[in-house]
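Colleague: sequence and predicted structure, then a few things I'm wondering about:
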Amino acid sequence: MSSDNSVQKTLVLFKPDTVQRGLVGEILTRFERVGLKIVATKMIAPNKDHYYQHYEGIGQMITRRGEQAFDVTLNMMIEGPVIAMVFEGVEAVALVRKLVGTTEPKSALPGTIRGDFSHMSFGYADDAKKGIPNLIHASGDPEEAVKEIAHWFKEDEIYSYEVLHEKFTR
């Protein structure tokens, strides 16, 4: 799974702003259209400890961006439930990152999820002491994906199956 040109699994979180805006289906369609396979999914409202492990234990957010960035992100994430999904596909981590767009919605290109459905800048969010409502969390690299998937899903919650086109291409 750590090879850059292999079939990989990656974590995607539909953040509270996606759920609250009713955009889950429309955004999910984009992942399915490019051929990514859903291998795990659940709606969950994690506690602060779970998010601490995700954002700092795995993602090193406090280390990289500081305590304030972590606190505003945490406060935004606990505003409602998230939908956690694991997608599988060829080079899935990079593909999902490309579909999602850059972390700052203002800088995300049109055609990406963030470019089409969000617009806030880091500057505005920092001045307002708010988290960035950027809709999606996507694993940053294959190694992070492995850790994040293990944090959000038990092994028996991840499924292996063939999608229709796989049945006809073997």
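Modeller: Yep, it's here. Being a predicted model, the structure only gives us computed values, none of them experimental.

Colleague: and Glu79, how far from Leu95?
Modeller: 28 Å (CB to CB, to the nearest Å). No exception for glycine: its C-beta is placed from N, CA and C like everyone else's.

Colleague: between those two, who's got more neighbours?
Modeller: Leu95 (19 against 15; other CB atoms under 10 Å).

Colleague: enumerate every residue touching that one.
Modeller: 34, 36, 89 (CB atoms under 8 Å, 6 or more residues apart in numbering).

Colleague: so the last one makes contact with Ile38?
Modeller: No - in this structure, Gly89 sits apart from Ile38 without contact. The criterion is CB atoms under 8 Å, and the distance is 10.3 Å.

Colleague: helix or strand for His137, which one?
Modeller: For His137, the host element (DSSP states H and E) is strand 136-138.

Colleague: ok, and the most crowded of the contacts of Leu95?
Modeller: Counting by other CB under 10 Å, top hit in these: Leu36 with 24 neighbours.

Colleague: neighbouring strands for the strand holding His137, and are they parallel or not?
Modeller: Strand 136-138 has its sheet partners listed here by DSSP bridges as strand 7-14 (antiparallel).

Colleague: mean confidence score for the helix or strand following the strand it pairs with?
Modeller: With elements assigned by DSSP H and E, the helix or strand that comes after strand 7-14 is helix 16-21. For helix 16-21, mean pLDDT is 96.

Colleague: any chance you could list what contacts helix 16-21?
Modeller: The set of residues external to helix 16-21 that reach it, using CB under 8 Å, 6+ apart, is 24, 27, 43, 76-77, 79-83, 117-118, 133-136.

Colleague: what sits against Pro81?
Modeller: Pro81 neighbours (CB under 8 Å, 6+ apart): 16, 19, 43-45.

Colleague: check those residues against Phe70 and report the nearest one.
Modeller: Distance to Phe70 across the contacts of Pro81 (CB to CB) is lowest for Pro16, with 16.4 Å.

Colleague: residues near the closest one, how many?
Modeller: Using other CB under 10 Å, Pro16 has 20 neighbouring residues.
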